[in-house]
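Participant: Give me the fold of what follows.
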Amino acid sequence: MNLNLRNAIISNINGNDESQIRDTIVDAISSGEEKMLPGLGVLFELMWKKSSPEQQEQIIHNIKESLN
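Facilitator: Numbers count the residues shown, from 1 in each chain. Have a look, this model is predicted:
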């Protein structure tokens with residue numbers, strides 16, 4: 001069976017409204033389960049690809065600040 005995890009994750013949230021997407025993200029983070037990390041990674045990838053260079057720089061800055 002050839003399962004494309006990225007496509008499965010996108011398919012699972014495709015059509016969700018903003019509130020449902022927020023709930024998905026909050027639930028994934030609050031659960032603390034490592035099995036949720038790939039899904040968050042796919043969401044990050046989608047966001048990154050749609051971000052302008054300026055937004056990407058802000059994301060990088062926010063991540064760096066979060067590490068301190």
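Participant: ok, residues contacting the helix or strand where residue 22 lies?
Facilitator: Under the criterion of DSSP states H and E, residue 22 resides in helix 18-31. Contacts with helix 18-31, where a contact means CB atoms under 8 Å, 6 or more residues apart in numbering, come from 13, 16, 36, 39-40, 43. Glycine gets a C-beta too; all of them are placed from N, C-alpha and C.
Participant: Could you pick out the buried ones from the residues you listed?
Facilitator: Neighbour-count burial (16 or more other CB atoms under 10 Å) is assigned, among the contacts of helix 18-31, to 36, 39, 43.
Participant: residue closest to the middle of the chain?
Facilitator: Closest to where the C-alpha atoms of the chain average out (CA atoms, centre = their mean) is residue 43, at 2.5 Å.
Participant: mind checking how far that one is from residue 68?
Facilitator: 24 Å (CB to CB, to the nearest Å).
Participant: Same question for residue 27.
Facilitator: For residue 27 relative to residue 68 (CB to CB), the value is 27 Å.
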